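> please find the sequence and the predicted model below.
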Amino acid sequence: MKGRISSGFALIPLFLLAAASPPDGERRLSREEAAALPVVAAGGGTSGLNTIETRLLKGDPARAGLYTISIKVPPNTHIAAHTHRDDRTATVVAGLWHFGYGPDAKSDTTRGLPPGSFYTEPAGKAHFAWTGPEGATVYITGIGPSDTRYLATPR
């Protein structure tokens, strides 16, 4: 019996590894598990701001195919007007996200989006965003490869 128990414990790391490597296409993450994923470099399809934590939930915006990223934007951050070549959708999961469309990042043309809010980033359509004192976390989905083209220098 003692031998069975110790060999059973030896299999635990294998089960944990299998749980961390789901079958192709299957993934279930709580908000806390998504937030615990490693931060990746701000690459294609992201703001490029090093203060924003970007995590890959599925795929990679720099490669062909479906992707979803999580961005955790710190308090009082402004993202200047920019475009992406792919059509994207987004959901706010935490904080208050101030989002607007157009080439001029004016705070009076944004709409405050609380958790549970949804918005779109149509391909080639200029948009911008900012956070207040609480910051925000947003999940963004598109079909890569994506890019980011600023209309002006980001702040």
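Everything's here; your move.
> okay, CA-based contacts and neighbour counts for the rest of this
OK.
> so residue 135 versus residue 43, what's the distance?
To residue 43, residue 135 is 21 Å away according to C-alpha to C-alpha, to the nearest Å.
> er, residue 37 I mean
Distance from residue 37 to residue 43, by C-alpha to C-alpha: 16 Å.
> ok, now residue 78?
18 Å.
> phi first, then psi, for the residue nearest to residue 48 when sequence neighbours are not counted.
Leaving aside its chain neighbours, residue 48 sits nearest to residue 42 (4.9 Å; criterion: C-alpha to C-alpha, 6 or more residues apart in numbering). When read as degrees, to the nearest 10, the backbone of residue 42 gives phi -70, psi 90.
> ok, residue 42 - how many residues close by?
17 (other C-alpha atoms under 10 Å).
> surely it is in contact with residue 54?
Yes. Proximity of residue 42 to residue 54 meets the contact threshold set by C-alpha atoms under 8 Å, at 6.6 Å.
> excluding its backbone neighbours, what's nearest residue 79?
Nearest to residue 79 is residue 129, by C-alpha to C-alpha, 6+ apart, at 5.2 Å.
> gap between stretch 100-115 and the chain center?
19 Å (C-alpha atoms, centre = their mean, to the nearest Å).
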